[in-house]
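Participant: Have a look at this fold, sequence not included:
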């Protein structure tokens, strides 16, 4: 079996962003399975607290979570703004 030679352009491989066979098959099966489910009826049957938990669980897929460092920086900025606003202006 010949070894791969550097600079060989005979095969470029799978195009960027394309799915391999396993991933494509798995996605197709999940889509088919989800297509058979009446999600709106399932959500309507949940209690208010269960719907709230579902909303929180799904929200992270739409809006990224703030990291602790980001939250700490925001708190420090607010504290700094407050301390600056509390100081009297010297003339």
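Facilitator: Done, it's in. The model shown is predicted, which means the values in this text are computed figures rather than measured ones.

Participant: Residue nearest the middle of this protein, spatially speaking?
Facilitator: Centroid-nearest residue in the chain: residue 61, 4.0 Å away (criterion: C-alpha atoms, centre = their mean).

Participant: Let me see the confidence value for that one.
Facilitator: Residue-level confidence at residue 61 comes out at 80, pLDDT.

Participant: Is there a neighbour count for residue 54? I'd like the number.
Facilitator: Residue 54 has 13 neighbouring residues, counting by other C-beta atoms under 10 Å. Placement of C-beta: from N, CA and C, glycine included.

Participant: Please verify my assumption that it contacts residue 45.
Facilitator: No. Look at residue 54 against residue 45 with C-beta atoms under 8 Å: they stay out of range, at 11.6 Å.

Participant: Residues contacting stretch 6-26, please?
Facilitator: residue 27 (C-beta atoms under 8 Å, 6 or more residues apart in numbering).

Participant: what kind of secondary structure is residue 19 in?
Facilitator: Three-state call for residue 19 (DSSP: H, G, I helix; E, B strand; the rest coil): coil.
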